[in-house]
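Student: Sequence and predicted structure, then a few things I'm wondering about:
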4 protein chains.
Amino acid sequence: MIIVLKKTATDAQKDFIRNFLKKQGFRVKEIVGKEETIIGAVGTARMDLRSVELLEGVASVVPISKPYKLASRELKPDDTIVQVGAVKIGGNRIVMIAGPCAVESREQMLSIGGAVREAGAVILRGGAFKPRSSPYAFQGLGEEGLKYLREAGDAYGMPVVSEIVSTTDVDMMKDYVHMFQIGARNMQNFELLKVVGKTGMPVLLKRGLSATIEEWLMAAEYLMSSGTDGVVLCERGIRTYERATRNTLDVSAIPVIQKLTHLPIIGDPSHATGIRDMVSPVSLAIVAAGASGLTVEVHDHPEKALSDGPQSLYPAQFEKLARDVQALAPVVGKSLE
Amino acid sequence: MIIVLKKTATDAQKDFIRNFLKKQGFRVKEIVGKEETIIGAVGTARMDLRSVELLEGVASVVPISKPYKLASRELKPDDTIVQVGAVKIGGNRIVMIAGPCAVESREQMLSIGGAVREAGAVILRGGAFKPRSSPYAFQGLGEEGLKYLREAGDAYGMPVVSEIVSTTDVDMMKDYVHMFQIGARNMQNFELLKVVGKTGMPVLLKRGLSATIEEWLMAAEYLMSSGTDGVVLCERGIRTYERATRNTLDVSAIPVIQKLTHLPIIGDPSHATGIRDMVSPVSLAIVAAGASGLTVEVHDHPEKALSDGPQSLYPAQFEKLARDVQALAPVVGKSLE
Amino acid sequence: MIIVLKKTATDAQKDFIRNFLKKQGFRVKEIVGKEETIIGAVGTARMDLRSVELLEGVASVVPISKPYKLASRELKPDDTIVQVGAVKIGGNRIVMIAGPCAVESREQMLSIGGAVREAGAVILRGGAFKPRSSPYAFQGLGEEGLKYLREAGDAYGMPVVSEIVSTTDVDMMKDYVHMFQIGARNMQNFELLKVVGKTGMPVLLKRGLSATIEEWLMAAEYLMSSGTDGVVLCERGIRTYERATRNTLDVSAIPVIQKLTHLPIIGDPSHATGIRDMVSPVSLAIVAAGASGLTVEVHDHPEKALSDGPQSLYPAQFEKLARDVQALAPVVGKSLE
Amino acid sequence: MIIVLKKTATDAQKDFIRNFLKKQGFRVKEIVGKEETIIGAVGTARMDLRSVELLEGVASVVPISKPYKLASRELKPDDTIVQVGAVKIGGNRIVMIAGPCAVESREQMLSIGGAVREAGAVILRGGAFKPRSSPYAFQGLGEEGLKYLREAGDAYGMPVVSEIVSTTDVDMMKDYVHMFQIGARNMQNFELLKVVGKTGMPVLLKRGLSATIEEWLMAAEYLMSSGTDGVVLCERGIRTYERATRNTLDVSAIPVIQKLTHLPIIGDPSHATGIRDMVSPVSLAIVAAGASGLTVEVHDHPEKALSDGPQSLYPAQFEKLARDVQALAPVVGKSLE
């Protein structure tokens, strides 16, 4: 850490600061300039920087280590490829994940599953446990929904992904899904991260509603330090003052993430925009920015969907989108998985 | 809901929209103006407004019902008074909740408990399960911590409150605490809300990091519809672009909440600001804006605290703050509990 | 507007509200439902909705008219094509605007001008008046800079665009530039908008640092109602809590703007990201989302640039970007201007 | 500045970085730790830190000097007291500025002026040039409005403050007002800041809609480096995702500003909340947090106000507020001016 001293700092204060840091196990050096004096402290000790900030004579304190390790590209320079069933996510592939927001029935899953598979999807999605902001809204079919999801995945040769919302569901769910999804609202549900990480299974980790990129990588670190290597990050829009779209897709996060971590990143245009008309242009933007794929909500009868119908594409729209993504892929040096 | 039509909407489109709404169970009326035509639809049916937004001829759709009922002041105009042990929260009282961020030892709790009690606190706080953004940080003492918290509360005649982070801890925790705390990161952990609500016990519900006031009240609605009446809201700062403080305390939320709901609201200056120097001025602002109390982190050795030391007041500072709050209370027509 | 009544509203209050609205010139209709009663008021009268919100018995008021007219796609469904010198912006073209952040010297402008022209730029940019957050930073060459900019533009057959920061510069600047730029910090400098609009010349209108899409279109309305038809909107990132990039590019704003207005929209990846490495991926995202072009900062010696060097591309990087944009254009049904 | 090196940085890269910094005039020291190596660079040279960030081997760069000098409390530890006519702002005084949003007529100003004077206001406010987001809204009476404002101020012995929106109005306005107001939308209209600063007159500088505290102090620095010492900062709410109030009053900014600068800070509850009911509780919060005063909109017929009527207090409400402020002042060690 770097400690910037006040211009008025006394020698006694400086001594106190230096001793305080040494006692914590830091190596300390001082740099005296015309306009400011700074103390650099390096070491493996961990402490809340604000403790130093409160010492007499200190103007400000600046952290220099990244708090995540396993997720850092410095530790592992090569791209991680995450294996989900027979599908690989990462590297030069673009993966299309598609399906309805919520599993509603066996027929629905078989119908939509077939449609998205034919259009180019390679992983099937569908929610069985739905975290809804209203207690009075449809909360999902639960285990029954997972059965239909898996049956449809098996029928069309696609691994499946579904959101987990409770630590008590892990054992049951791992028999159905090939990949767990951690939703935005649970990105900092650390108990859930620990339990899911312990399974060692791949995880699709959505960015929290207002998570910084660093907090997002710390959530990945929770998963990785608990036992899983296969974390796929998913940008799904952040909360800003702008309300014209449901969230604001942070497209720049894609190259930023690729610089900071070896983990693959995909995008979710459905939750980012919240409205069907915007899904395709935003999908293309995500791929053009270099993402490793998309997760898109598709419904054959969006007007009857029990959840998020208005942001679901019709199968024909998804097919058109998949063709556009295929045309776009070579421009960014990639090809469809 | 209100449907604003496009100027170019055809008669056929209008008919379709009207029929669509009637089929969903709405009463429909049309108002034709010079600049715009609108359709009003009222009824008890629930649907995703975006479904209507996507119909041909529709310019925009506007909701008119609030999504929360039990938490609404329209349903219950009188202030709710929440009983926590022998302490009442709400009405014309100002309640002081204080204690360390994390329970660290039996001695610590007894020492701090005695100090805050003497200074004017009436409820004792202390975290046994700490949701930390880093998996490598101190995660709390667990059940052992709850024992120390309760022992200290009993020793000084104060009911106790502590944060719950996992559904599996409810049964164990309810024997120790008089009030559950739901932390900001779990405000939309709906599974946790349902399980905690079922206990019927009082709950201190912190506002989510970037929760709107409406989402916050919907989280209260989850608790109330699951079985508890005693929800105390706690404003603890929201995430904004400004980084000079840890969060931005939304002081206006206090009168806004009091207009919308009958539930009491208190403030948390420690998490809002993140730094000791700012805690007292912000505490006074919270009380002056009309809040029913404060929850303040106090530590006798903040420099050795295992969590959030830099934002903890020294006991003497807390005592001074309590005296200032006492002097301020009559200005806003209140008195200390 | 729509007035939602409180459940407790009395008949006398309802009468008062109805009369109040009629006196203001509104046509009024009431819709009585089981859960709520609403009053719809339509008409051409303009008033601050909050005046109605404060009447007794009113729960909330909802606006239904868009406040902009000339900029609205409802008024003019066809895309506006803006003519800047011999260059057309809008429709199925993709226009590349490039040049240094600040004009620094005659040599610099001629050198960079030639390089970007060869790479595919069709409009030359360069700042002569720089709005800098520090009074101690380089503030631009002023009129001398405009001379160099224009000379370089003429030398390579490119019209030129430059930012205006003061109403007193309009007369002087209009002899040099083919298009005025209004910067983000001046998007709501209404005096400047009025004076620039009066020239009738094309304007590149950057989105304000934290402007909503509606406020941005209102700024365009200021320009249009003052006398210019040729407004090109430029998305350049908005301020959010995320600091990994300088701003957060709101890529979804592109399709949203295209739905709401007939004016063309382009993107500025340089200011959005603030760092060279991110410029190319974000540029491709902007084009993939459907924008009509890009404005990109290019410098032949970024390390010596007097302003924003770190976000400027090297000419060779810009050339590579232009080739990628050319490859991408047909995927979104467009071609380079 | 501090340069954190990548773990993979080579010796050649380190040499290059050190030389680069020395050439710019910095003194350079290196600190080698187990987990990271950092280079500290101190000196008076000014450069864009991002230039260093882009060098090979650099992981990140951290600034250590504050960019403002004249406004800094390090330069001038004692509180600045700003003299406006016979009124002093700062120190242990609480100053009440009040008046209508816009000057509408001579009668209005005389009537409201008398009412607020009697209630306790010591400075009279009123807008003659109104920056409105719609070009179709009332834009103010201009110079005529300033005459009425001054006449009312003189009649009741109050100095007057009014917003300036154009550099061309400075000479005319300085004959009427005792203090210029720079509005939120013009906080970074640097041309205006320079011209107003040159007058040497006191300035009420509102915080920009989404300005950081540092940017706000840089705007003060523009004024001070142009020639005025008397800058009063005014917190008026910032833009956040929360829409329940017009803006989110950043109450913590008050103690933060007092730590960073010697300039006085007051608060504007009217623009912060946008609605009358919230003005009084938020006013008390501002004073309780330690501010040096309030600027409050008051109107004798808010329902007929040409601008911002809904957020204006009735004179009787203002009188009640002034009494509450008087009762509150001693709690924070202050008294009314």
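Tutor: Nice, I can see it. Not measured: the values here are computed from a predicted model.
Student: What number of residues are in the vicinity of A:Ser162?
Tutor: Using other C-beta atoms under 10 Å in any protein chain shown, A:Ser162 has 26 other residues around it. Where you see a C-beta, it was placed from the backbone N, CA and C, and this is true even at glycine.
Student: and it, how far is that from D:Ile17?
Tutor: Separation of A:Ser162 from D:Ile17 (C-beta to C-beta, to the nearest Å): 48 Å.
Student: Confirm A:Ala219 sits in a helix?
Tutor: Yes: if the criterion is DSSP: H, G, I helix; E, B strand; the rest coil, then A:Ala219 is within a helix.
Student: I'd guessed it sits against A:Asn189; true?
Tutor: No: counting by C-beta atoms under 8 Å, A:Ala219 does not reach A:Asn189; the two are 9.2 Å apart.
Student: Spit out the residues that contact these two alike.
Tutor: A:Ile182 (C-beta atoms under 8 Å, 6 or more residues apart in numbering or on different chains).
Student: For A:Gly114, which non-adjacent residue is spatially closest?
Tutor: A:Tyr156 (5.9 Å; C-beta to C-beta, 6 or more residues apart in numbering or on different chains).
Student: typo on my end, A:Ile17
Tutor: Going by C-beta to C-beta, 6+ apart, A:Ile17 has A:Leu55 as its nearest residue, at 5.5 Å.
Student: Could you list which residues are in contact with that neighbour?
Tutor: Contacts of A:Leu55 (C-beta under 8 Å, 6+ apart): A:13, A:16-17, A:20.
Student: ok, now with 10 Å
Tutor: Contacts here follow C-beta atoms under 10 Å, 6 or more residues apart in numbering or on different chains; on that basis A:Leu55 touches A:3, A:5, A:9, A:13, A:16-17, A:20-21, A:61, B:303.
Student: quick revisit: mind checking the backbone torsions on the residue nearest to A:Gly114?
Tutor: With angles defined as degrees, to the nearest 10, A:Tyr156 sits at phi -110, psi 10.
Student: do the same with A:Lys198
Tutor: Note on A:Lys198: backbone dihedrals following degrees, to the nearest 10 are phi -60, psi -20.
Student: Surely it is in contact with A:Ser226?
Tutor: Yes: look at A:Lys198 against A:Ser226 with C-beta atoms under 10 Å: they come within range, at 5.1 Å.
Student: Let me see the confidence value for the residue nearest to A:Gly114.
Tutor: Per-residue confidence (pLDDT) for A:Tyr156: 98.
Student: Burial check on it, number of neighbours?
Tutor: A:Tyr156 - counted by other C-beta under 10 Å - has 17 other residues nearby.
Student: roughly how far apart are it and A:Ile112?
Tutor: Applying C-beta to C-beta, the value for A:Tyr156 to A:Ile112 is 10 Å.
Student: swap in A:Ile266?
Tutor: 20 Å.
Student: When those two are compared, which one has more neighbours?
Tutor: A:Ile112 (28 against 24).
Student: The more buried one - that's part of a helix, no?
Tutor: Yes: A:Ile112 forms part of a helix when assessed by three-state DSSP.
Student: ok, it touching A:Ala152?
Tutor: Yes: using C-beta under 10 Å as the test, A:Ile112 is close enough to A:Ala152 to be in contact (7.6 Å).
Student: who touches both of A:Tyr156 and A:Ile112?
Tutor: Joint contacts of A:Tyr156 and A:Ile112 (C-beta under 10 Å, 6+ apart) are A:121, A:124.
Student: how about stretch A:168-178: buried residues?
Tutor: A:169-170, A:173, A:176-178 (16 or more other C-beta atoms under 10 Å in any protein chain shown).
Student: Sort out for me which of these are in strands.
Tutor: Among the buried residues of stretch A:168-178, DSSP state E puts none in strands.
Student: ok, and which of those residues reach chain B?
Tutor: A:Asp169 (C-beta under 10 Å from any C-beta of the partner chain).
Student: mind showing which ranges of the stretch 201-337 of chain A have poor pLDDT?
Tutor: The stretch 201-337 of chain A contains no residues with pLDDT under 70.
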